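J.: Attaching a predicted model along with its sequence, questions to come.
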Amino acid sequence: MNKKRHILFGITPGPPLKPDGHLSDDWLLLAIDGELSVSDYALVKEHVRACWTCRARKEHLERTIEEIVEYEQALVTPDMPPSAGGNAIFMARLDQLATESGRPSLLRRWAITLFRTSRLGLSPSVTWIAATALAVAVCFYLVLQSNTTAISATELLQRAEASESRSFVGVNQPVVVQKLSIKVNGHKIARTIYRDTVRKRQAHRADVSASDESAIEQDFRRSSFNWDDPLSPQAYSHWREKIAEKKDAVTKLGDGLLKLDTSSTSGPVAEASLTVRQDDFHPVAEDLRLRDNTQIEVAELSYDVVGPSTLSPDIFGEPASTEPLRLPGVSANPIRKELPDAAELAISELQAQAALHRIGADLGEQITVRQGADGLVQVDGVAEDESRKRQIAAALTGIPFTELRVKTIAQTAIHQQPSHALPTPNPSSLATVVAANPPLLEEQLKQRFPDTDQRIEYVNQSLALCQNASARAWALNRLADHYTPKQVALLDRGAQQQLQRLLTDHISALREDVSRLQNQLGQVLSSASNTAAANTAVGAYEKSSPTGAPSPSVPEDWRSRVHRVHSSVETTNEAVSVLLAGSSEEDGSSDKLQLRLRTTLTQLQAELQSLGQQVRKQL
């Protein structure tokens, strides 16, 4: 009988998997009807167990079949001879079944209503009219259900955030080149955005004048979304999380697309939608409607991930051609006959620090800035290649009393530069982890991410966030060690403000890293660790700090707070590594470690906020 029904509806057992890697509807139906061989059924069962999408589709098909069968029974039963127990017994059992299984679905309630109506003695024509109306409603319901998807709004956004990382695989020093069409109330521009994911540089080009681009940018920024990354799922998530009352709907579009619609009752954005590709969850479009009915439409025209060598050398603002590099040990700038005084040297040193920061060379690279015995500011270290070396030289161009002593890795290997000339790399740049023991959250990871690739991707993303935060914390720590009160006193007011901007930029970026890490870890940390104490920054942190709390009568110096931040970031990295990647030693209770991690991250946010205020006040 089942085989006949499948032939009737044109279902033939083709390949089990579709091009997107999911089971076909035919195989799911055959599995439900028990018409597969033992080996084929085992294949389907194993796939459904590991794939949440196919599992949800299978459950949906089973529910739909059940409801159709109930509907057929509701139509056929009136023409059948009455049961021995009578209608009252049947209806009582039906009501009992509905009570045990919870509130019936809308389709089931329609079928039951039609059945009961047919028993009231209405004419056959009225009954058949009602049955026809119900059949139309069923068809409409099934069409509507075919456009729905089992994925939630939160999971769609999480997978969209992870999609960009996958595109970086196999590309050395990946640079994202994304071309977008942005339309605001009918005014459209094409904008190409370049994002250097390693050195945190960004540039853009537009096909309109600067004034026209600025006008569209002002309208877009009113939405609080990210103008530098308009299709950012992180920005969408950040906006959505701040909404107290919202409605989400995820629908399946044609051409393999999924669309998330979110409506809000507060804030500048009334409605927003993000469209992603279903196969890899890459964002391709975004629509926003502001409270004043401003319409913003963003569509991706192209997306590529390339190496920096394929781009023009001046794409991020460096000159297309720079002065020839001096040999190591020879000054890159003309030297005055007289040596600079201490104040001039301190200002030049700070300018060199700021220049390296602008190109991301102070985040884990083996580059140091120091005052040499020859009365010059020496920039020492190792660059990855000749292109990076020239970029560093271009950034330092025009800074007086500066001497460039940077070599490439290849040059260092040839000339065997003495070890004292090479700075010790930050621990943040060493990503090797020896894990003899499994991660403490191994079971939670498997439960949250049944797919092995997704689990590995999540762990890698979490560790990368820790590494970024550690690089920032180390950069802050070096500045705090170097700029003692005596060194700061050598700087004029303009240079002190430049130091303040440099510190504030690191602090802001570190706060963002910590916030993203909190959101990332919230997916797997146990709810038991989410206590009021773990989510409230209190004065106890000052007392528990290894450096001790400052005296109430003496304002704390910003340097001491930087050292505490650095210590907390390293503690966080160790905890995350043990929880997600394993450890070479036993590390105690998982619950205690999770609680301590949540507490440290919350206290870090409060500490960084206070640090930013202190830097602005004391410099």
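T.: Here it is on my side, so go on.
J.: Okay, now the unreliable bits of this structure?
T.: 1-13, 69-150, 313-314, 317-339, 413-437, 527-555, 583-588 (pLDDT under 70).
J.: which secondary structure element contains the residue nearest the centre of it?
T.: In the chain, the centroid-proximal residue (CA atoms, centre = their mean) is residue 161; its distance is 3.7 Å. Taking DSSP states H and E as the criterion, residue 161 maps to helix 153-167.
J.: Distance check, the residue nearest to the centre of the chain against residue 300.
T.: 16 Å (CB to CB, to the nearest Å). C-beta: built from backbone N, CA, C; applies to glycine.
J.: returning to what we had before: which ones are touching the residue nearest to the centre of the chain?
T.: Residue 161 makes contact with 233, 234, 237 under the criterion CB atoms under 8 Å, 6 or more residues apart in numbering.
J.: how does it look with 10 Å?
T.: Counting by CB atoms under 10 Å, 6 or more residues apart in numbering, residue 161 touches 232, 233, 234, 236, 237, 281, 283, 461, 516, 519, 520.
J.: Inside strands: which ones of those residues?
T.: residue 283 (DSSP state E).
J.: got CSV for the contacts of residue 161, with distance to residue 386 too?
T.: As requested, the contacts of residue 161 are exported to CSV (distance: CB to CB, whole Å):
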residue, distance to residue 386
232, 33
233, 36
234, 34
236, 40
237, 40
281, 38
283, 36
461, 32
516, 34
519, 39
520, 36
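J.: Quick one, which of the contacts of residue 161 are buried?
T.: Neighbour counting by 16 or more other CB atoms under 10 Å classes 232, 233, 234, 236, 237, 281, 283, 461, 516, 520 among the contacts of residue 161 as buried.
J.: Let me know the closest of the residues you listed to residue 505.
T.: residue 516 (16.9 Å; CB to CB).
J.: Against residue 242, how distant is the closest one?
T.: Note on residue 516: its distance to residue 242, by CB to CB, is 15 Å.
J.: Which positions in the longest strand anywhere in the chain come out as buried?
T.: Longest strand in the chain, counting residues (DSSP E): strand 295-306. Buried residues in strand 295-306, counted by 16+ other CB under 10 Å: 296, 297, 298, 299, 300, 303, 305.
J.: of the residues you listed, closest to residue 466?
T.: Nearest to residue 466 among the buried residues of strand 295-306, with distances taken as CB to CB, is residue 305, at 23.1 Å.
J.: and the closest one, what is it in contact with?
T.: By CB under 10 Å, 6+ apart, the residues touching residue 305 are 164, 166-171, 174-178, 195, 197.
J.: what does residue 298 give?
T.: The contact partners of residue 298, taken as CB under 10 Å, 6+ apart, are 180-184, 191, 220, 225, 230-231, 274-275, 283-288.
J.: So which of the contacts of residue 305 sit within strands?
T.: If you go by DSSP E, the contacts of residue 305 have 175, 176, 177, 178, 195 in strands.
J.: who's in contact with the closest residue to the second one other than its chain neighbours?
T.: Nearest non-adjacent residue to residue 176, counting by CB to CB, 6 or more residues apart in numbering: residue 195, 4.3 Å away. Remark: with contacts taken as CB under 10 Å, 6+ apart, residue 195 is in contact with 164, 174-178, 201-204, 228-229, 305, 316.
J.: In these, which residue is surrounded by the most others?
T.: Greatest neighbour count in the contacts of residue 195, by other CB atoms under 10 Å, goes to residue 175: 25 neighbours.
J.: Count residues in the vicinity of the nearest residue to that residue once chain neighbours are set aside, would you?
T.: In space, and not counting its chain neighbours, residue 175 is closest to residue 196: 5.1 Å by CB to CB, 6+ apart. By the criterion of other CB under 10 Å, residue 196 has 19 neighbours.
J.: Next up, the contacts around residue 196.
T.: Going by CB under 10 Å, 6+ apart, residue 196 touches 173, 174, 175, 176, 202, 203, 308, 311, 315, 316, 359, 360.
J.: What residues are bridge-paired with it?
T.: Beta bridges link residue 196 to residue 175, residue 201, judged by DSSP bridges.
J.: likewise residue 264?
T.: Residues in beta-bridge contact with residue 264 (DSSP bridges): residue 246.
J.: ranges for the strands of the stretch 401-550 of the chain?
T.: With strands called from DSSP state E, counting those that start in this stretch, the stretch 401-550 of the chain shows them at 402-408.
J.: what about the helices in it?
T.: Here the stretch 401-550 of the chain has its helices, by DSSP state H, counting those that start in this stretch, at 409-415, 442-448, 452-482, 485-489, 493-521, 540-544.
J.: Could you say which one of those comes nearest to residue 370?
T.: Nearest of the helices of the stretch 401-550 of the chain to residue 370, taken as CB to CB: helix 452-482 at 8.7 Å.
J.: That closest one to helix 153-167, inter-axis angle?
T.: In terms of direction (axes from the mean of the first three to the mean of the last three CA atoms, to 10 degrees), helix 452-482 departs from helix 153-167 by 80 degrees.
J.: Give the buried residues for helix 452-482.
T.: 454-455, 457-459, 461-463, 465-480.
J.: tell me the angle of that helix relative to helix 493-521?
T.: 150 degrees.
J.: What is helix 452-482 packed up against?
T.: If you count contacts as 3 or more CB pairs under 10 Å, 6 or more residues apart in numbering; DSSP states H and E, helix 452-482 packs onto helix 153-167, helix 342-358, strand 367-371, helix 442-448, helix 493-521, helix 558-576, helix 590-618.
J.: Contacts for the fourth one next, please.
T.: Which is helix 442-448. Contacting residues not belonging to helix 442-448 are listed as 438-439, 441, 452, 454-456, 458-459, 523-526, 579-580, 582, 590, 594 [CB under 10 Å, 6+ apart].
J.: Can you give the distance of that helix from its chain's centre?
T.: 19 Å (CA atoms, centre = their mean, to the nearest Å).
J.: Could I get the buried residue list for that helix?
T.: Per 16+ other CB under 10 Å, helix 442-448 contains these buried residues: 444, 445.
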